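J.: take a look and give me a structure for this.
(chains A and B)
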There are 2 protein chains.
Amino acid sequence: MSEATSDVRTIAPADADVLTPEFVRAVVEATAASNVAEIKRLIWPLHPADVASLLNVMPAAARRSMVTQLGSDFDPEILSELDEDLRTELVRALGTKNVAEAVKELDVEDAAYVIEDLEDAEKREVLAQVPIEDRAEVVDALLFEEGSAGRLMHREFVAFSPLLTVAETLTRLAAPETPEDYQEIYLVDADRKPLGFVPLSRLLRSPRSARLADIATDDMKIIPATTDQTSFAYLFEHYHLTSAPVTDDAGRLVGLLSAGSVVEILKEMHQSEVLALGGVQEDESLSAPIRKITWLRFSWLFVNLMTAIMASIVIGFFEASLEKVVALAILMPIVASMGGNAGTQTLTIVVRALATKELNQANMWRVINREMLIGGMNGVAFAALAAGITWIWFGDLALAGVIAAAMTINLVAAAAAGILVPVALKRWDIDPAVSSPVFVTTVTDVVGFVSFLGLATWLLLR
Amino acid sequence: MSEATSDVRTIAPADADVLTPEFVRAVVEATAASNVAEIKRLIWPLHPADVASLLNVMPAAARRSMVTQLGSDFDPEILSELDEDLRTELVRALGTKNVAEAVKELDVEDAAYVIEDLEDAEKREVLAQVPIEDRAEVVDALLFEEGSAGRLMHREFVAFSPLLTVAETLTRLAAPETPEDYQEIYLVDADRKPLGFVPLSRLLRSPRSARLADIATDDMKIIPATTDQTSFAYLFEHYHLTSAPVTDDAGRLVGLLSAGSVVEILKEMHQSEVLALGGVQEDESLSAPIRKITWLRFSWLFVNLMTAIMASIVIGFFEASLEKVVALAILMPIVASMGGNAGTQTLTIVVRALATKELNQANMWRVINREMLIGGMNGVAFAALAAGITWIWFGDLALAGVIAAAMTINLVAAAAAGILVPVALKRWDIDPAVSSPVFVTTVTDVVGFVSFLGLATWLLLR
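T.: Residues are numbered from 1 along each chain as shown, chains lettered A, B, ... in the order given. Below you'll find the model as predicted:
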């Protein structure tokens, strides 16, 4: 948070697209010409988040060169805005001395973020150059798991005894050593356990003689420091929290989480879920090295190759039928593809409903019935459509009947797989977004081919 | 925001799952027995958000009955927690008189949310029973589009002249008519245009004689009231805003958006994006009527039926080849399926990068090259694998060569379609998340079948 008007920057208007191709080219050219003054002139008016975006779209060599040239003039805030791949790349380009300076200047949670992916030896080298009190806090943050409340919490907060009066509180808050940015006063008992809080706006409206205990609310969600981000982000979403106290193993108040920090966390979580459902690893970003990305995508496609081969083996069982009736080969992808799409619809709804806890034990059976019913109704509808098209195309009523039956069977199977696969994975503590799509489409491929080719063999070719 | 300790509720601990099947059953039974005292005893300790979840998992008839029985004892806050389908259903069950009471008690943005999906006649009936000043504000909110800053902003805020001293400000904030809950003081000029803001924590630390102008920051993003939620949510994410001023057409300050409200909006936006990518309409929820859902899914599956038929027509062109070499029918789904999965990977990355503005004009060509290169490399890798498997399976080296060539072609096509389709849709202002998947898989199906069957016909069957 920038302090007073002395620090005011000219911020580009909200809707302007700062990173035009011309602007990026100008920065790249200034970097190539080692014109540090020009680089500074160009990037100084930008918000650190925009400089991070700029680095993201610059060619890798140019961005490393720019960071190296800026050295100690590189704004540490930018580092905390970078995504994983870029952050470690540029931290290395900056050198440990500059990174140590950055760690000193940043908030503890941001400093931990900046160095968390370095090798242990690099971390030690950086931290050795950081004053002991800052170092202790950063190390403490790093001892919590990535994504836990203890790692992500803000460590500066205001906590007072509930016995303090409003007047005494105002005097204390006027002291220069008070943290810079806070929005409520937490009340703690003698053991520093959180009892409640007083929003600043309420403090200012209260009689000066009132005690904090009299004007506090205890309507808060206490978050243990080991809580994972998925769990506390859910609490913020569900209960519309603006902030929440974080406690250590002994229940003592050790930090805060705010809606502002949860906005960032939600962005990451959202990213992971969308990418997982699309068969992409969560740590893939546009700035990740191509070799790494190719490998990440390869491993996923390899799993899909295995399931595709499985489907082909299933088709192979009906080789004789395919040789006799070539229409079967022409039509079989329709049944499989419709099943795949219907299964994806159901699994998407179920993965989301599990994430938002909309789907739970209390309504599980109702949702299963609902999805089976929808699958059945759409199964019948598409059975009729597919049968009609087949009849017109091939003029074969028996073949039309076969595709109708197979379509109904596969859309019901799709609904069943779409709900049962993610629910089962969730119960076994496997992320349903990552693994459901491949299982569900394997089911719909196999059921689609077996039902269509099997029924055809049984009914048409005996 | 609950006021002082008098209003404190016992909140269940954060990790407890409140809605056990037993609890839901107890509520349903109390409702069936028309035991209003028991319903109240059960739901009173719950947060309104949890009551909303409870209603969501209750059978439709039971939840309507419960709401009707509670009548004026139904907490209005619950209404603002419900999702679309449920909200309008229960608003109708409550009756206009109770809804009018709720509208009076809720914040303007929540009141607008509660009645926004009612028919115009119903809205008029509700609003006629709301006092004139509340009504005017709700109508004003409803005149902004759904999802715009003007609809979603909070209308209570504190705005003062920059000439006020800290001491004068503190006196004004102590007055009982000050809004209940605010975190910063906005500075406005004589035309009520926002000039900057002072966080309350900074106000309390500043000398009492200082003028607000001297301690303010103008590092803020001004959001015009017509701004869509996608745009302002991006600003909150990107710049880590905790709040932002909303202005009318004349640039006057008319409301605020806070990180807390953006958390809710992000949840909705995330939901829409995931569902769209999964081929589900964004307004589908677990509580939507089955007939509506079946129809929504039907329309999407119908589009997919058309593309599946297109793929089958393509296969039909090669009927003669399929009759001669049945192995083609067995292997062809592998090429199409690998292309579909690779295309989905690329499009997922691109849809996300477009949403986060990570992908823009400045790095477009680099990303296109990158994706084509990844597609090519994985194309070659899977060509080798598929060829090896085909050789072992069918002992036919020429067939192995055909599948290798087709696999490479289709994975490169998948990369091209995966990036170009969403980018083109975005340029034409069509939501890329909704429409990309069907286009991309159509491309990979058609290219997969044409390249495999075409090459086979040309090379093996002349």
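
J.: so what pLDDT did residue A:283 get?
T.: Here the pLDDT value assigned to residue A:283 is 67.

J.: ok, now residue A:369?
T.: Residue A:369 is assigned a pLDDT of 89 by the prediction.

J.: now the stretch 151-300 of chain A, which segments are flagged as low pLDDT?
T.: Counting by pLDDT under 70, the stretch 151-300 of chain A has low-confidence residues at A:282-283.

J.: which stretches in it count as helices?
T.: Secondary structure of the stretch 151-300 of chain A, counting by DSSP state H, counting those that start in this stretch: helices at A:166-173, A:200-205, A:212-215, A:229-239, A:259-277, A:290-316.

J.: and the ones you listed as CSV, adding distance to residue B:185?
T.: Heads up, the C-betas are built off the backbone N, CA and C, glycines and all. Compiled in CSV, these are given as follows (distance: least, C-beta to C-beta, whole Å):
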stretch, distance to residue B:185
helix A:166-173, 15
helix A:200-205, 10
helix A:212-215, 20
helix A:229-239, 25
helix A:259-277, 18
helix A:290-316, 48
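
J.: how about CSV for these, with mean neighbour count added?
T.: Shown next, in CSV, are these (neighbours: other C-beta atoms under 10 Å in any protein chain shown):
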stretch, mean neighbour count
helix A:166-173, 17
helix A:200-205, 22
helix A:212-215, 19
helix A:229-239, 20
helix A:259-277, 21
helix A:290-316, 18
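
J.: any idea which of the ones you listed gets closest to residue A:47?
T.: Among the helices of the stretch 151-300 of chain A, helix A:259-277 comes nearest to residue A:47, with 14.6 Å by C-beta to C-beta.

J.: so what's the gap between that closest one and the chain middle?
T.: Centroid separation for helix A:259-277 versus its chain: 3 Å, with C-alpha atoms, centre = their mean, to the nearest Å.

J.: may I have that helix exported as CSV, CA atoms only?
T.: Output in CSV follows, covering the C-alpha atoms of helix A:259-277 (Å, rounded to 0.1, in the frame of the first residue of the first chain):
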residue,chain,number,x,y,z
ALA,A,259,-10.8,-10.9,1.0
GLY,A,260,-8.1,-9.1,-1.1
SER,A,261,-5.6,-12.0,-0.7
VAL,A,262,-8.4,-14.5,-1.3
VAL,A,263,-9.2,-12.9,-4.7
GLU,A,264,-5.6,-13.8,-5.8
ILE,A,265,-5.9,-17.3,-4.3
LEU,A,266,-9.2,-17.9,-6.1
LYS,A,267,-7.7,-16.9,-9.3
GLU,A,268,-5.0,-19.6,-8.9
MET,A,269,-7.5,-22.2,-7.8
HIS,A,270,-9.8,-21.4,-10.7
GLN,A,271,-6.8,-21.6,-13.1
SER,A,272,-6.0,-25.1,-11.7
GLU,A,273,-9.5,-26.4,-12.0
VAL,A,274,-10.1,-25.2,-15.6
LEU,A,275,-6.7,-26.5,-16.7
ALA,A,276,-7.2,-29.8,-15.0
LEU,A,277,-10.6,-30.4,-16.7
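
J.: and chain B, is it touching that?
T.: Yes: using C-beta under 8 Å from any C-beta of the partner chain, helix A:259-277 reaches chain B at A:259-260, A:262-264, A:266-267, A:270-271, A:273-275, A:277.

J.: which strands or helices does that helix pack on?
T.: helix A:229-239, helix A:326-355, helix A:432-460, helix B:229-239, helix B:259-277, helix B:326-355 (3 or more C-beta pairs under 8 Å, 6 or more residues apart in numbering or on different chains; DSSP states H and E).

J.: make TSV from those and add distance to residue B:252 to it.
T.: Conversion of the helices and strands packed on helix A:259-277 to TSV gives the following (distance: least, C-beta to C-beta, whole Å):
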stretch	distance to residue B:252
helix A:229-239	31
helix A:326-355	39
helix A:432-460	44
helix B:229-239	18
helix B:259-277	20
helix B:326-355	31
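
J.: and of the ones you listed, who's closest to residue A:111?
T.: With C-beta to C-beta as the criterion, residue A:111 lies closest to helix A:229-239 of the helices and strands packed on helix A:259-277, at 18.3 Å.

J.: where's residue A:320 relative to chain B, distance?
T.: According to C-beta to the nearest C-beta, to the nearest Å, residue A:320 stands 9 Å off from chain B.

J.: meant to ask about residue A:19
T.: From residue A:19 across to chain B, the span is 5 Å (C-beta to the nearest C-beta).

J.: now that residue. Nearest residue, chain neighbours left out?
T.: residue B:362 (5.3 Å; C-beta to C-beta, 6 or more residues apart in numbering or on different chains).

J.: let me see the contact set for that neighbour.
T.: A:19, A:20, A:21, A:23, A:24, A:57 (C-beta atoms under 8 Å, 6 or more residues apart in numbering or on different chains).

J.: who wins for neighbours among these?
T.: Of all the contacts of residue B:362, the highest neighbour tally under other C-beta atoms under 10 Å in any protein chain shown goes to residue A:57, namely 25 neighbours.

J.: let me know the pLDDT of the closest residue in space to that one that isn't next to it in sequence.
T.: Using C-beta to C-beta, 6+ apart and skipping the chain neighbours, the partner closest in space to residue A:57 is residue B:363 (3.9 Å). pLDDT recorded at residue B:363 is 85.

J.: residues touching the residue minimising distance to the centre of chain A, list them.
T.: With distances taken as C-alpha atoms, centre = their mean, the residue of chain A nearest its centroid is residue A:269 (1.6 Å). Contacts for residue A:269 (C-beta under 8 Å, 6+ apart) come out as A:229, A:230, A:233.

J.: out of those residues, flag the one nearest to chain B.
T.: Of all the contacts of residue A:269, chain B sits closest to residue A:233, with 8.4 Å by C-beta to the nearest C-beta.

J.: ok, now how distant is the closest one from residue B:263?
T.: Residue A:233 sits 8 Å away from residue B:263, going by C-beta to C-beta, to the nearest Å.
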